[in-house]
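Asks: Below are the sequence and a predicted model for it; my questions follow.
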Amino acid sequence: MAHMTPTPVLEPGQDRTMILNMGPQHPSTHGVLRVLLEIDGETVVRLMPDIGYLHTGIEKTCEAKFYQQVVPLTDRIDYLCPMTNNLRRKPNGCECF
Amino acid sequence: MPLSPAITDLEQLKSHPAVARLHGWNAEAVQQVKFDRDEMTIVVDRSALREACALLREDPACPFNFLSDVTCVDWYPAEPRFEVVYHLLSIPKKERVRLKVRLNSSSVTIDSLTPIWPGANYFEREVFDLFGVRFAGHPYLRRIMMPEDWEGHPLRKDYPVEGYR
């Protein structure tokens, strides 16, 4: 239910083009992305990205937590650089070093 | 190091290019100015927003040619409830300014800035999706993060953290 396929929003502009659904997963995207492509042979004419698959609603989760409880959550914002996200959420004016 | 206090006096802040430009154009449109933590914030009247942005973008002295962020704050249950926030950057002059527009919960509609900065398109879709602010004149105002059949706008403060169940 969470990700019912929406009605395709791209209509083929000409007889030559077709709609191709790429995703919701693709190894090269390093995350989950879905792209609706309108293609003419091997040429992409238009595309419509669907970027919501990585949206976790972390801001909403943080609304009901104490500051200290939020820090471990910041690890999950970007699993490739968790430390960066931990550090930049230090309290304003706090001396870390 | 203690922070220096915020400056909210319009006369002192007129040296900033964006304040000078907007105040010179229409003093009514500038509701409030604040310079705090080295950041300039201008509260703009809702009806003047699009013209003000077009003016700032084309300002020959300091063109704010880059819209770096659009976001929103929900002050529920206070009124005006929503504050839509625009962060502008002038790449040639290395100046930044933050514009805010306050919206009452009775009318959460604001002019879209997509005709001025095409990059506003996705930002405004996100604000619409998560806060339910309507952007008049947006070419494709549909949900971007949440599924198409989602009900409600999750980042509103009266939306339960666990969702509606």
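Replies: Received, thanks.

Asks: same for the helix ranked longest in chain B, what does it pack against?
Replies: The single longest helix within chain B, with elements called by DSSP state H, is helix B:120-131. Where contact means 3 or more Cβ pairs under 8 Å, 6 or more residues apart in numbering or on different chains; DSSP states H and E, helix B:120-131 is packed against strand B:66-74, strand B:134-136. For glycine as for every other residue, the C-beta is placed from the backbone atoms N, C-alpha and C.

Asks: by contact count, what packs against the last one?
Replies: So the one you mean is strand B:134-136. strand B:109-111, helix B:120-131.

Asks: which one of these is the most hemmed in?
Replies: Highest mean neighbour count of these: helix B:120-131, a mean of 22 (counted as mean count of other Cβ atoms under 10 Å in any protein chain shown).

Asks: quick one, that helix and strand B:66-74 angle?
Replies: 10 degrees (axes from the mean of the first three to the mean of the last three Cα atoms, to 10 degrees).

Asks: Tell me how far the residue lying closest to residue B:70 once chain neighbours are set aside lies from residue B:68.
Replies: Using Cβ to Cβ, 6 or more residues apart in numbering or on different chains and skipping residues adjacent in sequence, the residue nearest residue B:70 is residue B:123, 3.5 Å away. Plainly put, residue B:123 is 9 Å away from residue B:68 if you go by Cβ to Cβ, to the nearest Å.

Asks: same thing with residue B:56?
Replies: 13 Å.

Asks: residue contacts, the closest residue to residue B:152 other than its chain neighbours?
Replies: Nearest non-adjacent residue to residue B:152, counting by Cβ to Cβ, 6+ apart: residue B:159, 5.5 Å away. Residues counted as contacts of residue B:159 (Cβ atoms under 8 Å, 6 or more residues apart in numbering or on different chains) are A:60, B:152-153.

Asks: Ranking by neighbours, what's the top pick from those residues?
Replies: Neighbours here mean other Cβ atoms under 10 Å in any protein chain shown. Within the contacts of residue B:159, the largest count is held by residue B:153, at 20 neighbours.

Asks: For that one, which residues are in contact?
Replies: Going by Cβ under 8 Å, 6+ apart, residue B:153 touches B:129-132, B:159.

Asks: Report the beta-bridge partner residues of the residue nearest in space to the middle of chain B.
Replies: The centroid of chain B falls nearest to residue B:85 when counting by Cα atoms, centre = their mean (2.7 Å). The partner list for residue B:85 in beta bridges (DSSP bridges) reads residue B:71, residue B:100.

Asks: Same check on the one 5 residues further on?
Replies: On the basis of DSSP bridges, residue B:90 takes part in beta bridges with residue B:95.

Asks: Run through the residues that contact it.
Replies: Residue B:90 neighbours (Cβ under 8 Å, 6+ apart): B:17, B:62-66, B:96.

Asks: make it 7 Å
Replies: Residues counted as contacts of residue B:90 (Cβ atoms under 7 Å, 6 or more residues apart in numbering or on different chains) are B:62-65.
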